[in-house]
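> sequence? don't have it. structure:
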């Protein structure tokens, strides 16, 4: 079933109240954002408009709560009930932001993610560290400068300060996610990751060839996944069959060629070569009659 057919089938299978609720959310939430932007821009908004907007927001929250309760009573799990009420792209964006913030905690605690039971762990964030630290420093300087310039406009100052601080955390979170989510090899699967938005599992038996290949330019082509770090990739993996590498918002992306980077690319190539050429287990004696 194609992505469009699956989406149409899922929409048709939802109860009518849930479909209407999602349609109302598509209208109400952007309207709230527009009003907030106008307020920050100094536009005077009539009190009646604010009253209607806030009433709509409260009504939406109450309706979402009642709909969630109804879906749970129908036997849906918490995750499935939330997925019925919230569009998948929104869930994916929220999940991405939460993974970034969790990565900051893991980074500080020196607790990498997903390495338990792995036969090989291959970090890949070293060559981007200087760039990310420099970018975070520039964002920090910009935060201090904007805070000084907007001191006479308290409301605008508060909004911009929150956005600037979050930008600094976002940049550090990107690096923290890369540092705490290394590539891993174990159980016959190569797990390829980048920051908090790429996590692809490649069965070793689908790898046709692997080689150490340093590239600094990458063109866009169908069926290719380029995971550059510091504008470079150092390992190329060719597959016999495509694997799915979903995009950030969930769109499928079958790939047959993966270019990635590792701090020690030769160690990764050697580990994959050993995994691909490992002898099959010797069968035991036939069972006795």
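Looks like it arrived, so ask away. On a predicted model such as this, the values are computed, not experimentally measured, just so you know.
> Where does pLDDT dip in this protein?
1-15, 17, 29, 32-33, 35-43, 50, 278-289 (pLDDT under 70).
> tell me the centre residue of it?
Nearest to the mean C-alpha position of the chain, by Cα atoms, centre = their mean, lies residue 197 at 2.9 Å.
> Distance check, that one against residue 211.
26 Å (Cβ to Cβ, to the nearest Å). In this view, the C-beta of every residue, glycine as well, is placed from N, C-alpha and C.
> Residue 218: what secondary structure?
coil (DSSP: H, G, I helix; E, B strand; the rest coil).
> That one contacts residue 236, doesn't it?
No - contact status for residue 218 versus residue 236: not in contact, 10.8 Å apart, counting by Cβ atoms under 8 Å.
> got any residues that touch both of the two?
residue 259 (Cβ atoms under 8 Å, 6 or more residues apart in numbering).
> Those two: who's more crowded?
Ranked by neighbour count (other Cβ atoms under 10 Å), residue 218 and residue 236 place residue 236 first, with 20 against 15.
> For the closest residue to that one other than its chain neighbours, give me its contacts.
Excluding its sequence neighbours, the residue lying closest to residue 236 (Cβ to Cβ, 6 or more residues apart in numbering) is residue 213, at 4.5 Å. By Cβ under 8 Å, 6+ apart, the contact set of residue 213 is 233-236, 259.
> If any of the residues you listed are buried, put those into a PyMOL selection.
Listed next is the PyMOL selection for buried residues among the contacts of residue 213, using 16 or more other Cβ atoms under 10 Å:
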select buried, resi 233+234+235+236+259
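> between the contacts of residue 213, which is nearest residue 226?
Ranked by distance to residue 226 (Cβ to Cβ), the contacts of residue 213 are led by residue 259 at 4.8 Å.
> Would you list the phi and psi of the closest residue to residue 215 other than its chain neighbours?
Using Cβ to Cβ, 6+ apart and skipping the chain neighbours, the partner closest in space to residue 215 is residue 233 (5.1 Å). Torsion angles at residue 233 (phi, psi; degrees, to the nearest 10) stand at phi -120, psi 150.
> what do you get for residue 194?
Dihedral angles phi and psi of residue 194 (degrees, to the nearest 10) take the values phi -150, psi 120.
> can you tell me how far it sits from residue 55?
Residue 194 sits 43 Å away from residue 55, going by Cβ to Cβ.
> So which elements touch the strand or helix carrying residue 91?
In this assignment (DSSP states H and E), residue 91 forms part of helix 88-109. Judged by 3 or more Cβ pairs under 8 Å, 6 or more residues apart in numbering; DSSP states H and E, the packing partners of helix 88-109 are helix 154-180.
> For the helix it packs on, what is the distance to the chain centroid?
Centroid separation for helix 154-180 versus its chain: 17 Å, with Cα atoms, centre = their mean, to the nearest Å.
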